[in-house]
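Visitor: Quick one, fold the following:
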Amino acid sequence: MCGIVGIVSAEPVNQQIYDALLLLQHRGQDSTGIATTEGKHIHQFKTKGQVREGYRTRDMRSLLGNIGLGHVRYATAGAAKNEEEAQPFYVNAPYGIVLVHNGNLTNTRELQDDLFRVDRRHVNTSSDTELLLNVLATELQDTISGTSLTPEHVFTAVANVHERVQGSYAAIALVAGYGMVAFRDPFGIRPLILGTREGLGGKPEWVVASESLVLESAGYEIVRDVEPGEAIFITNDGELFSKQCAANPRLIPCSFEYVYLARPDSVMNGIPVYEARLRMGDRLAATVAEHMPLGDIDVVMPIPDSSRPSAM
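Guide: Numbering: from 1, shown residues only. So this is what the prediction gives:
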């Protein structure tokens, strides 16, 4: 479980991303990172620990640009205490790509072998995010012709990623000089939501994030959830393109998002998390009533605290 956010804005995004990561802090406390693009240059800072502890004024000042992404990590793959495993991850070809990822890949051994033997790419950590980044970079490299990158190049590459990668992945990537890419696995296991607002001079601004509260707190209008298997490409100028890139997409979200992972004031896949937890409590109470006399119950104890609505 991790928290991710990506923003395409008409003004500098470093503070917006920092504020968004504070709201997503419950999704990971091991490490955090932010990357921005200024023209074709990528600025990046990542560190162990929580958001409030990790960033200094000098770090924020170095994150220049109107497009960026951020990450908070809860280590489920790789070394939890290794700063090198903190996201985002960067690869220099093609163009320069930096990526953040929420989820778990399940065919990592096969991917590692293919990247080494077939794609001739070196992976320097045990993080499955670095694998995902290199697979995306390889597929983009094989798809593009000439020097320019088009939305169709992006969508073809993501479709090929879906063919190669197994597991859960909601991902956001910056392509230096071109824009931002966001995509979700064909089963929509991990959440990803799209929002927009009007920026300076009427230019549209866009955000994609793990949870809806990020959008609402910053004044973005919720557009919709990114569909399972869908890819979204937003150019530096704020033009949005989207396409379904999976052959047989189906929405099968992780139930633990509603039980434990998400904040109660978020809405995921059109379902308010708090209301879902209340309904879980109703269902559990009805089940208990079928199997034991209710007069024998002395206490209802919520463990962990996310179960408090259900307990009530």
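
Visitor: tally of neighbours for the nearest residue to Asn66 once chain neighbours are set aside?
Guide: Once flanking residues are discounted, Asn66 sits nearest to Ser9: 5.0 Å by CB to CB, 6 or more residues apart in numbering. Any C-beta I mention is one placed from the backbone N, CA and C, and that applies to glycine too. Counted with other CB atoms under 10 Å, residues neighbouring Ser9 total 21.

Visitor: Check Ala182 too.
Guide: Neighbours of Ala182 (other CB under 10 Å): 26.

Visitor: contacting residues around it?
Guide: Contact analysis of Ala182 by CB atoms under 8 Å, 6 or more residues apart in numbering lists 6, 170-173, 192, 194, 208, 226, 231-232, 234.

Visitor: So which of those residues is the closest to Arg27?
Guide: Nearest to Arg27, judged by CB to CB, of those is Ala170 at 11.4 Å.

Visitor: how close does the closest one get to Ser127?
Guide: Going from Ala170 to Ser127 by CB to CB, to the nearest Å gives 16 Å.

Visitor: hang on, the earlier thing: now the contacts of Ala182 as TSV including secondary structure and distance to Asp59?
Guide: Listed next are the contacts of Ala182 as TSV, based on DSSP: H, G, I helix; E, B strand; the rest coil; distance: CB to CB, whole Å:
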residue	secondary structure	distance to Asp59
Gly6	strand	19
Ala170	strand	26
Ala171	strand	24
Ile172	strand	20
Ala173	strand	22
Leu192	coil	26
Leu194	strand	28
Val208	strand	23
Val226	coil	29
Ala231	strand	31
Ile232	strand	28
Ile234	strand	25
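
Visitor: Using TSV, lay out the residues you listed together with distance to Pro151, pLDDT and neighbour count.
Guide: Below are the contacts of Ala182 laid out as TSV (distance: CB to CB, whole Å; pLDDT from 0 to 100; neighbours: other CB atoms under 10 Å):
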residue	distance to Pro151	pLDDT	neighbour count
Gly6	16	98	29
Ala170	20	98	25
Ala171	17	98	28
Ile172	16	98	29
Ala173	14	98	28
Leu192	18	98	27
Leu194	16	98	24
Val208	16	98	28
Val226	15	98	21
Ala231	9	98	26
Ile232	10	98	26
Ile234	10	98	27
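
Visitor: Could you save those residues as a markdown table and add columns showing distance to Val158?
Guide: Below are those laid out as a markdown table (distance: CB to CB, whole Å):
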| residue | distance to Val158 |
| --- | --- |
| Gly6 | 15 |
| Ala170 | 12 |
| Ala171 | 9 |
| Ile172 | 12 |
| Ala173 | 10 |
| Leu192 | 13 |
| Leu194 | 15 |
| Val208 | 14 |
| Val226 | 12 |
| Ala231 | 4 |
| Ile232 | 10 |
| Ile234 | 14 |
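
Visitor: If we only consider these, which is nearest to Ile303?
Guide: Within those, the smallest distance to Ile303 is 27.9 Å, found for Ala170 (CB to CB).

Visitor: quick one, helices of the chain?
Guide: 14-23, 51-54, 57-61, 108-117, 128-143, 151-164, 212-217, 256, 273-291, 308-311 (DSSP state H).

Visitor: between those helices, which gets nearest to Val300?
Guide: helix 308-311 (4.8 Å).

Visitor: of all the helices of the chain, which lies closest to Asn92?
Guide: helix 128-143 (8.9 Å).

Visitor: tell me which strands and helices that closest one is in contact with?
Guide: Packing partners of helix 128-143 (3 or more CB pairs under 8 Å, 6 or more residues apart in numbering; DSSP states H and E): strand 89-91, strand 97-102, helix 108-117, helix 151-164, strand 170-175.

Visitor: list the buried ones in the fourth one?
Guide: Residues 151, 153-162, 164 are the ones in helix 151-164 that count as buried (16 or more other CB atoms under 10 Å).
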